[in-house]
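> My questions concern the predicted model and sequence given below.
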Amino acid sequence: MTRAGVLGLQGDFAEHLHTLRAMGVDAVDVRRPQQLDEVDALIIPGGESTTIGKLAAQYGIIPKLLARVEEGMPVWGTCAGAIFIAKDVPGHPHPIAGLMDMTVERNVFGRQVDSFEADLAIAGIGPEPFHAVFIRAPRIASVGPGVTVLAALADGTIVAARQGRLLATSFHPELTDDQRLHQLFLSLAKG
Amino acid sequence: MTSPTGPNGSSATTGTFTLKKGLAQMLKGGVIMDVVTAEQAKLAEDAGAVAVMALERVPADIRAHGGVARMSDPQKIVEIMSAVTIPVMAKCRIGHFVEAQVLEALGVDYIDESEVLTPADEQFHVQKHGFKVPFVCGARDLGEALRRIGEGAAMIRSKGEAGTGNIVEAVRHLRAITSQIAALGTMDDDGLERAAVEYRVQVELVREVAKAGKLPVVLFCAGGIATPADAALTMQLGAEGNFVGSGIFKSEDPARTAKAIVEATTHFTDADLIAKVSRGLGEPMRGLSLETIPAVERLAARGW
């Protein structure tokens, strides 16, 4: 049985926990580095990436997270979480974990009034479109050779990608009832 | 609302309630700080604020200054918006839908229809459903919270008594909201219908709250937070995050106070940590006893 953690420093971690528990998964929020030893997979939720990065650095989460990823723990970043796990975030002078070989740009779609919902085709979760909620969302500007693009908007903007057991989405699957991306992520913990 | 120029062609929609309420969900567990200059906004961002409220004066100064308090100068708001990458909120007067239109045109991320400013309409709050930008509104009890949600508010905060550095009113408001929600949970359908009449809202909204055991939007605390312990208190009482107004920039050491309040909000059940971040912070804002404020000068009584 997989035990999933959601980084609970700030943001909509309760929504991820709710989705996971609705799927029958044992899920806990993680606020301290030592708790990373008690989970088999970790979601970094939506929130403010500056705040999450600072608190994660301050409490020693980042080195412990790097060590757990080295051991094969899957990590999924949604929105702010995708920023936190990216290798490169231009113009962002705040701490990040730098796990995934991609460049992520913040607030590229504009301000809150430009936040949007759109249906997406996502590789690996079946043919039904995924209704995606983008809130002051980042985009994945470019990806390294080991990274697979899972979804893009009609204009080609990358909004979901995977590198081995690392997953990044610009949008918020935890704000809808569609559990397919959570299922995909949990399958990485078993594989 | 469909935007034909959306990033995904014609299928992208903007301004939905999911998006409005969603931004508040992203702010949960965080601290939103009042700032009056671009420098203060930077300091707040560096301290870990999840958003800033752009103002001309913090509430303590509005209280001291007297006169009519209005929406801030758009120039000031734009300066603050360009200084930080976190969301920027701004206040409009209760019922002043043109100030709200102006703030939406400026591109602020959230509008606070706030009792801290002088009300513009004694009968109607802003009809918020028609705006693309989300609104947060203050409430003293569940009825007030539900009336605001009925008008389209996508986030609720306690009113507290702004600019006093005194947490007592915010505690009263949070306790009222949470205990009235709990009471709904014990009611049969007749009881819920009576509650809807008493609260002057649709019974569907009351049923939804009774079933979920919580508001359908995010609930923050505002009004009187001055110390890390205050911030943790409101979280333990059921707030999902904190607005801190005068409490930061009226303290002796704003940078340290801001950071300490952020940490206490995240780790709100960890007394050792709250003790640690509270040590040697210097003087908090001076604060006012509620008994010294005449009833007509109480901001929380504005709105209904």
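Looks like it arrived, so ask away. Numbering: from 1, shown residues only, chains lettered A, B, ... in the order given.

> For chain A, which segments count as strands?
A:3-7, A:26-30, A:41-44, A:75-78, A:86-88, A:100-105, A:116-120, A:130-134, A:139-143, A:148-152, A:158-163, A:166-169 (DSSP state E).

> I'd like to know which of these lies nearest to residue B:289.
Minimum separation from residue B:289 across the strands of chain A (CB to CB) falls at strand A:26-30, 38.0 Å. The way it works is simple: take the backbone N, C-alpha and C, and place the C-beta from them, glycine included.

> Show me what counts as buried in that closest one.
By neighbour count on 16 or more other CB atoms under 10 Å in any protein chain shown, the buried set for strand A:26-30 is A:27, A:29, A:30.

> What does the pLDDT read for the second one?
This points to residue A:29. Residue A:29 carries a pLDDT value of 96.

> Could you point out the bridge partners of it in the sheet?
Judged by DSSP bridges, the bridge partners of residue A:29 are residue A:6.

> So it sits against residue A:17, correct?
Yes - Residue A:29 is in contact with residue A:17 according to CB atoms under 8 Å; the separation is 6.3 Å.

> Spell out which residues are contacts of both of these two.
Taking CB atoms under 8 Å, 6 or more residues apart in numbering or on different chains as the contact criterion, the residues that touch both residue A:29 and residue A:17 are residue A:6.

> dump the residue contacts of the nearest residue in space to residue A:162 that is not next to it in sequence.
Excluding the flanking residues, the one nearest residue A:162 by CB to CB, 6 or more residues apart in numbering or on different chains is residue A:148, at 5.0 Å. Contact partners of residue A:148, counting by CB under 8 Å, 6+ apart, are A:123, A:161, A:162, A:163.

> Quick check: which of these has the minimum pLDDT.
Within the contacts of residue A:148, pLDDT is lowest for residue A:123, at 95.

> What is the burial count for that residue?
A count of neighbours around residue A:123, defined by other CB atoms under 10 Å in any protein chain shown, yields 13.

> ditto for residue A:189
If you count neighbours by other CB under 10 Å, residue A:189 ends up with 18.

> From residue B:17, how far out is the nearest residue to it once chain neighbours are set aside?
Residue nearest to residue A:189 in three dimensions, not counting chain neighbours: residue A:41, with 4.1 Å by CB to CB, 6+ apart. Remark: distance between residue A:41 and residue B:17 (CB to CB, to the nearest Å) = 31 Å.

> repeat for residue B:53
Using CB to CB, one gets 22 Å for the distance from residue B:53 to residue B:17.

> what's across from residue A:162 in the sheet?
Counting by DSSP bridges, the residues bridging with residue A:162 are residue A:148, residue A:167.

> Skipping adjacent residues, who's closest to the residue of chain A positioned farthest from its centre in space?
Going by CA atoms, centre = their mean, the residue of chain A most distant from its centre is residue A:113, 22.9 Å out. Closest residue to residue A:113 apart from its sequence neighbours, by CB to CB, 6+ apart: residue B:132 at 4.7 Å.

> hmm, back to that, may I ask which of the contacts of residue A:148 has the most neighbours?
Neighbour max across these (other CB under 10 Å) = residue A:161, 26 neighbours.

> Between residue A:41 and residue B:17, which is the more surrounded one?
residue A:41 (24 against 13).

> show me what contacts the more buried one?
So residue A:41 contacts A:2, A:3, A:4, A:5, A:73, A:74, A:75, A:76, A:185, A:186, A:188, A:189 (CB under 8 Å, 6+ apart).

> of all these, which comes closest to residue B:207?
Looking across the contacts of residue A:41 and measuring by CB to CB, the closest to residue B:207 is residue A:4, at 32.0 Å.

> which phi and psi does the closest residue to residue B:104 other than its chain neighbours have?
Closest residue to residue B:104 apart from its sequence neighbours, by CB to CB, 6+ apart: residue B:133 at 4.4 Å. Dihedral angles of residue B:133 (phi, psi; degrees, to the nearest 10) stand at phi -80, psi 140.

> and if you look at the one 5 residues further on?
When read as degrees, to the nearest 10, the backbone of residue B:138 gives phi -80, psi 150.

> can you tell me which residues contact it?
When contacts are counted by CB under 8 Å, 6+ apart, residue B:138 touches B:114, B:115, B:144, B:156, B:157, B:158, B:159, B:222, B:223, B:300, B:303.

> What about those, which are in helices?
residue B:144 (DSSP state H).

> Chain B: helices as residue ranges?
Counting by DSSP H, the helices of chain B are B:17-27, B:38-47, B:59-65, B:74-83, B:97-106, B:142-150, B:168-185, B:189-199, B:203-212, B:228-236, B:246-249, B:254-266, B:271-278.

> quick one: low-confidence ranges for chain A?
Low-confidence segments of chain A (pLDDT under 70): A:1, A:191.

> measure the residue positioned nearest the centre of it to residue A:171 for me?
In chain A, the residue lying closest to the centroid (CA atoms, centre = their mean) is residue A:77, at 1.2 Å. The gap separating residue A:77 from residue A:171 is 11 Å, by CB to CB.

> what number of residues lie near the nearest residue to residue A:108 once chain neighbours are set aside?
Excluding its sequence neighbours, the residue lying closest to residue A:108 (CB to CB, 6+ apart) is residue A:139, at 4.7 Å. Each residue near residue A:139 was counted by other CB under 10 Å, and the total is 21.

> which ones are touching residue A:139?
Counted by CB under 8 Å, 6+ apart, residue A:139 has contacts A:104, A:105, A:108, A:109, A:157, A:158, A:159, A:170.

> Looking at the residues you listed, state which has the most neighbours.
residue A:104 (30 neighbours).

> Any idea what it is bridged to?
Here residue A:104, judged by DSSP bridges, has bridge partners residue A:140.

> gap between the two ends of stretch B:128-135?
One end of stretch B:128-135 to the other measures 7 Å (CA to CA, to the nearest Å).

> With stretch B:59-72 instead?
With CA to CA as the measure, the first residue of stretch B:59-72 is 12 Å from its last.

> buried set for it?
Neighbour-count burial for stretch B:59-72, counted by 16+ other CB under 10 Å, picks out B:59, B:60, B:61, B:62, B:63, B:69, B:71, B:72.

> What of stretch B:144-156?
B:144-156.

> Among those, which one sits closest to chain A?
The closest of the buried residues of stretch B:144-156 to chain A turns out to be residue B:154 (CB to the nearest CB; 10.3 Å).

> what's near enough to touch the closest one?
B:17, B:20, B:21, B:23, B:24, B:128, B:134, B:135, B:136, B:217.

> hmm, 10 Å instead?
With contact taken as CB atoms under 10 Å, 6 or more residues apart in numbering or on different chains, residue B:154 is in contact with B:17-25, B:110-111, B:128-129, B:131, B:133-137, B:148, B:216-218.

> Same check on residue A:190?
Residue A:190 touches A:2, A:40, A:41, A:74, counting by CB under 10 Å, 6+ apart.

> Pull out the buried residues from stretch B:26-39.
Within stretch B:26-39, the residues that count as buried by 16+ other CB under 10 Å are B:26-38.

> hmm, back to that, now render the strands of chain A as a markdown table, adding distance to residue B:257.
Listed next are these as a markdown table, based on distance: least, CB to CB, whole Å:
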| stretch | distance to residue B:257 |
| --- | --- |
| strand A:3-7 | 25 |
| strand A:26-30 | 26 |
| strand A:41-44 | 28 |
| strand A:75-78 | 31 |
| strand A:86-88 | 31 |
| strand A:100-105 | 32 |
| strand A:116-120 | 37 |
| strand A:130-134 | 34 |
| strand A:139-143 | 35 |
| strand A:148-152 | 43 |
| strand A:158-163 | 38 |
| strand A:166-169 | 35 |
